[in-house]
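[1] no letters, just coordinates:
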Ligand SMILES: C[S@@+](CC[C@H](N)C(=O)[O-])C[C@H]1O[C@@H](n2cnc3c(N)ncnc32)[C@H](O)[C@@H]1O
């Protein structure tokens, strides 16, 4: 196998990539991510046989299929996640569902509970939502539920759609859910792999969606939006515009959950603070 040596990344080349990534994904790399960009792009460039960042940039710009741009954003984005990250959100989700399901007027008006996992990465978030929703509705019935799970990264979406996890990653899943919602599957690598059961998979629809899309195409709105640990990579104007679009998508009484280290404090937005990382549309 031929391993291509990649030349140094100059400041001006870094600036070109920085602007491209910002324009395409809203991800604001700032001035100190040069090493990260160099490391992550070098890997892709070696595979493609590119020796200079300048030539690679030109290639991305001229690739009409958009495939390499997708791959570049994939390589740059940070996808860290885990099952039942921020347990408090899932307790709150179950409480909300119980409250809505107990309100017959609400059920008549809404019928289907709609939840969006925006920036779902490899699926741990939507599967955690699906387990919570399924378990809650199993006990009280009355409502249907649909979960939309989107991400800009096709690589992450493929992994999410497969619904498979290394067994040791189930450590954060409540024990009663582990046995109910996962089955062991055979694996060639010897690694213990589990697969989400059809009853939770069927609740989720996966799709590629760029959150920078200026107007959202979803017609029916959402009762809850999870956008956690995504906005942290955006600058303030981008965050503000995005939260405005989320508010436009939420039904009155609907909730927005954000990441544990995020806050909407310094943003101008129409939502009401409920508790740290939770906001409601009145
Ligand atoms: C750190 S992960 C968060 C995963 C999950 N929400 C959680 O909190 O565990 C951030 C995700 O946001 C996605 N992302 C970044 N920019 C995006 C954009 N403009 N549109 C859609 N997804 C984006 C990344 O691809 C990545 O999978």
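    Structure's in. What do you need? Since we're looking at a predicted model, the values are computed, not measured.
[2] how about the strands in the chain?
    Counting by DSSP state E, the chain has strands at residues 112-118, 144-151, 164-166, 182-185, 193-196, 204-208, 222-227, 250-258, 272-275, 278-280.
[3] and those strands: which comes nearest residue 265?
    Closest approach to residue 265 among those (Cβ to Cβ): strand 272-275, 8.5 Å. The way it works is simple: take the backbone N, C-alpha and C, and place the C-beta from them, glycine included.
[4] contact partners of that closest one?
    With Cβ atoms under 8 Å, 6 or more residues apart in numbering as the test, strand 272-275 has contacts from 255, 264, 279, 280, 281, 282.
[5] pretty sure the fifth one contacts residue 248?
    Think residue 281. No - if you go by Cβ atoms under 8 Å, residue 281 and residue 248 don't touch, sitting 9.3 Å apart.
[6] which of those two has more neighbours?
    Using other Cβ atoms under 10 Å as the criterion, residue 281 and residue 248 rank with residue 281 on top: 21 against 13.
[7] can you pull the contacts of the more buried one?
    Taking Cβ under 8 Å, 6+ apart as the test, what residue 281 contacts is 247, 250, 251, 252, 253, 254, 255, 256, 270, 271, 272.
[8] now do residue 236
    266, 267.
[9] check contacts around the closest residue to residue 63 other than its chain neighbours.
    Closest residue in space to residue 63, ignoring its immediate chain neighbours: residue 69 at 6.7 Å, by Cβ to Cβ, 6 or more residues apart in numbering. Going by Cβ under 8 Å, 6+ apart, residue 69 touches 20, 24, 60, 63.
[10] so which of the residues you listed is the most crowded?
    residue 60 (22 neighbours).
[11] got a list of what that residue touches?
    20, 68, 69, 72.
[12] ok so, going back, just give me the closest of the contacts of residue 69 to residue 181.
    Closest to residue 181, out of all of the contacts of residue 69 and judged by Cβ to Cβ, is residue 24, at 35.5 Å.
[13] so how far is residue 97 from that closest one?
    The gap separating residue 24 from residue 97 is 36 Å, by Cβ to Cβ, to the nearest Å.
[14] contacting residues for the spatially most central residue of the chain?
    Centroid check for the chain by Cα atoms, centre = their mean gives residue 119 as the closest residue, at 1.7 Å. Shown in contact with residue 119 (Cβ under 8 Å, 6+ apart): 150, 151, 152, 211, 227, 228, 229, 230.
[15] quick one: those as CSV, columns for pLDDT too.
    Below are these laid out as CSV (pLDDT from 0 to 100):
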residue, pLDDT
150, 98
151, 98
152, 97
211, 98
227, 98
228, 98
229, 98
230, 98
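[16] show me which residues of the stretch 51-200 of the chain are close to the ligand?
    Within the stretch 51-200 of the chain, the positions adjacent to the ligand are 77-81, 85, 119, 121, 125, 151-153, 156 by Cβ under 6 Å from any ligand atom.
[17] same thing but at 8 Å, please
    Within reach of the ligand by Cβ under 8 Å from any ligand atom, the stretch 51-200 of the chain has these residues: 73-74, 77-82, 85-86, 117-122, 124-125, 150-153, 156.
[18] so what's the residue nearest to residue 106 when sequence neighbours are not counted up against?
    Among residues not flanking residue 106 along the chain, residue 100 sits closest, at 4.9 Å (Cβ to Cβ, 6+ apart). Residues in contact with residue 100 (Cβ under 8 Å, 6+ apart) are 106, 107, 110, 113, 143, 223.
[19] quick one: these as a markdown table, columns for pLDDT too.
    Below are these laid out as a markdown table (pLDDT from 0 to 100):
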| residue | pLDDT |
| --- | --- |
| 106 | 94 |
| 107 | 93 |
| 110 | 94 |
| 113 | 97 |
| 143 | 89 |
| 223 | 98 |
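[20] what's the closest of those to the ligand?
    Closest approach between the contacts of residue 100 and the ligand, by Cβ to the nearest ligand atom: residue 223, at 17.7 Å.
[21] now that closest one, nearest residue through space, not along the chain?
    Nearest-residue entry for residue 223: residue 254, 4.9 Å, with adjacent residues in sequence omitted and distances by Cβ to Cβ, 6+ apart.
[22] okay, that neighbour and residue 39: tell me how far apart.
    Residue 254 sits 40 Å away from residue 39, taking Cβ to Cβ as the criterion.
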